[in-house]
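>>> what's the 3D shape of this:
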Amino acid sequence: CEESVYSTDLSSKTVSLWSYINSQLDEFSNPFFVNYENHVLYPVASVSHLELWVSYYVRWNPRMRPQIPTHQTLKELLAVRAELQKRVEDLQREVAARAVSSSSERGSSPSHSATPVHTSV
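This is a model prediction of the structure:
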């Protein structure tokens, strides 16, 4: 079988799956992945935290409904998150600009330092 692969020059006539995946990374990468340094996940093995993987273990049951794909919903949530982050940045710039203009209007009065708003998502 391996000899027939070499004799037909199959490797030059086929496209690698990785070529397809790497050409569309947005479709195949996890948008919520965060690369933490020295981060270790510890499993919780308590019986109260165990859940049955219904879509796998009960897949033979015709009464079970298939799962609704959430990929599109997640993409929409990421777009909303990006819009909200941009809005927060715009508002922070506006607050900073107002603080600078109000302190310059007061002239010689002591300047008030505005506390920056820090957000993390």
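>>> can you tell me the helix or strand for the residue nearest to residue 54 when sequence neighbours are not counted?
Sequence neighbours aside, residue 64 is the residue nearest to residue 54 in space, at 6.7 Å (criterion: Cβ to Cβ, 6 or more residues apart in numbering). No exception for glycine: its C-beta is placed from N, CA and C like everyone else's. Per DSSP states H and E: residue 64 is located in neither a helix nor a strand.
>>> Just give me the neighbour total for residue 64.
11 (other Cβ atoms under 10 Å).
>>> Enumerate every residue touching it.
54, 55, 58 (Cβ atoms under 8 Å, 6 or more residues apart in numbering).
>>> Report how many residues lie close to the first one.
Around residue 54 sit 11 other residues, with neighbours defined as other Cβ under 10 Å.
>>> what do you get for the last one?
A count of neighbours around residue 58, defined by other Cβ under 10 Å, yields 11.
>>> cool, and the second one?
Burial measure for residue 55: 11 neighbouring residues, criterion other Cβ under 10 Å.
>>> In PDB, list the C-alpha atoms belonging to stretch 21-35.
Extracted in PDB, the C-alpha atoms of stretch 21-35 (Å, rounded to 0.1, in the frame of the first residue of the first chain):
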ATOM      1  CA  ILE A  21      -6.900  25.100   8.000                       C
ATOM      2  CA  ASN A  22      -4.000  27.600   8.000                       C
ATOM      3  CA  SER A  23      -5.600  29.500   5.100                       C
ATOM      4  CA  GLN A  24      -8.700  30.100   7.200                       C
ATOM      5  CA  LEU A  25      -7.300  30.600  10.700                       C
ATOM      6  CA  ASP A  26     -10.300  32.800  11.800                       C
ATOM      7  CA  GLU A  27     -12.700  29.900  11.200                       C
ATOM      8  CA  PHE A  28     -10.600  27.300  13.100                       C
ATOM      9  CA  SER A  29      -9.100  29.200  16.000                       C
ATOM     10  CA  ASN A  30     -10.700  29.700  19.400                       C
ATOM     11  CA  PRO A  31     -11.500  33.500  19.800                       C
ATOM     12  CA  PHE A  32     -11.600  33.200  23.600                       C
ATOM     13  CA  PHE A  33      -8.100  31.700  23.900                       C
ATOM     14  CA  VAL A  34      -5.800  33.600  26.100                       C
ATOM     15  CA  ASN A  35      -2.100  32.600  26.300                       C
END
